[in-house]
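Participant: fold the following.
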Amino acid sequence: MAVGDVANFGPTSTATAAFLTLQPGAGVEVVIHNIGYDGAMELWYWDGTNQVKMDEDTTGGSRLGLFLHCTNTKYYRIKNVSGVTGFLCADGMTTK
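Facilitator: Prediction:
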C-alpha cells in the first residue's frame, strides 16, 4: 500500500469470540477511521502480548470518524461477542 491509499479490512464473516485484526504489513502504518459490526463487539488495542479493551457495543452499528493508529507491532482488533457468526469491517488511510 502506498501513502494515501485506502486501507480496507473486511467485511469478514467472523465467528463468535473471534477477531478481525487491523494489522498492516511490516513497515506500513494505517489510521483507521471507521469500523462496522452487525452484532455486539469489543475493540481491543494489542501489541501481540498485552491488550487493553478500548470500547464495546452490545448491538450492531458502527464507530465513525476515528483516528486509530496501527502499525505491524501495535494495532487494534475487533472481537465478535454477539454469540453468533457476524460481519466485521474497518477502513482507513495508509500513512506510511
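Participant: correct me if wrong: residue 12 contacts residue 90.
Facilitator: No. Using CB atoms under 8 Å, residue 12 makes no contact with residue 90, being 9.6 Å away. For glycine as for every other residue, the C-beta is placed from the backbone atoms N, C-alpha and C.
Participant: name the residue in the two with the higher neighbour count.
Facilitator: Ranked by neighbour count (other CB atoms under 10 Å), residue 12 and residue 90 place residue 90 first, with 28 against 16.
Participant: what residues does the helix or strand in which residue 90 is found touch?
Facilitator: Assigning secondary structure by DSSP states H and E places residue 90 in strand 86-94. For strand 86-94, contacts defined as CB atoms under 8 Å, 6 or more residues apart in numbering pick out 1-14, 16, 20, 22, 24, 28-39, 41, 60, 68, 70, 78, 80.
Participant: same thing with stretch 56-67?
Facilitator: Contacts for stretch 56-67 (CB under 8 Å, 6+ apart): 31-43, 55, 81-82, 86.
Participant: list buried residues within those.
Facilitator: Neighbour counting over the contacts of stretch 56-67 (16 or more other CB atoms under 10 Å) leaves 32-33, 35-43, 81-82, 86 as the buried ones.
Participant: specify which member of those residues is nearest to residue 74.
Facilitator: Nearest to residue 74 among those: residue 32, at 12.4 Å, using CB to CB.
Participant: what's near enough to touch the closest one?
Facilitator: For residue 32, the contacting residues are 7, 9, 22, 66, 67, 68, 70, 76, 90, 91, 92, by CB under 8 Å, 6+ apart.
Participant: the residues you listed, buried ones only, as a PyMOL selection?
Facilitator: PyMOL command restricting the contacts of residue 32 to the buried ones, with burial defined by 16+ other CB under 10 Å:
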select buried, resi 7+9+22+66+68+70+76+90+91+92
